[in-house]
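Enquirer: make a model of this:
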Amino acid sequence: MGLLSGIAGLPLAPLRGVLALGELIRRRVDEEMHDPASVRRELEAVERARAAGEISAGEEAERQQRVLDRLTRARPGPSDEKRR
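Expert: Got it, this is the predicted structure:
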């Protein structure tokens with residue numbers, strides 16, 4: 001049955017490859033969004049924009065809050081990934 005199912009499943013191989021690639025990209029994005037170094041770089045960029053006069057104090061506070069909210073939001077765990 002293994003050989004037969006392998007041959008029958010061959011047309012679906014590109015789809016499985018695309019799905020695996022999508023999952024890899026999703027995991028990498030999750031890691032990047034919750035990486036403290038990435039968050040720090042974003043906060044520093046917001047601070048530089050405020051110092052350069054590109055954004056107002058209110059916009060700075062709003063952007064900082066969005067970045068910090070992203071950092072403190074819980075990461076999806078292994079059980080969450082199974083539900084998707």
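Enquirer: how about Glu42: what's its closest non-neighbour residue?
Expert: What sits nearest to Glu42 in space, not counting adjacent residues and going by Cβ to Cβ, 6 or more residues apart in numbering, is Val67, at 4.9 Å. Quick note: C-beta positions are derived from backbone N, CA and C, even for glycine.
Enquirer: run a quick neighbour tally on Val29.
Expert: By the criterion of other Cβ atoms under 10 Å, Val29 has 10 neighbours.
Enquirer: to clarify, my last question referred to Thr72.
Expert: Neighbourhood size, Thr72 [other Cβ under 10 Å]: 9.
Enquirer: give me the local confidence score for it.
Expert: pLDDT for Thr72: 80.
Enquirer: and Glu59, by the same measure?
Expert: Predicted confidence (pLDDT) for Glu59: 95.
Enquirer: which residue packs closest to it, ignoring adjacent ones?
Expert: That would be Arg50: by Cβ to Cβ, 6+ apart, it lies 7.9 Å from Glu59.
Enquirer: show me what the helix or strand containing the one you found is packed up against.
Expert: Using DSSP states H and E, the element containing Arg50 is helix 36-51. Helices and strands touching helix 36-51, by 3 or more Cβ pairs under 8 Å, 6 or more residues apart in numbering; DSSP states H and E, are helix 57-72.
Enquirer: pick out the residue closest to the middle of this protein.
Expert: Val29 (2.4 Å; Cα atoms, centre = their mean).
Enquirer: does the residue nearest to Glu59 touch Ala61 like I think?
Expert: No - when contacts are counted by Cβ atoms under 8 Å, Arg50 is not listed as touching Ala61 (9.3 Å).
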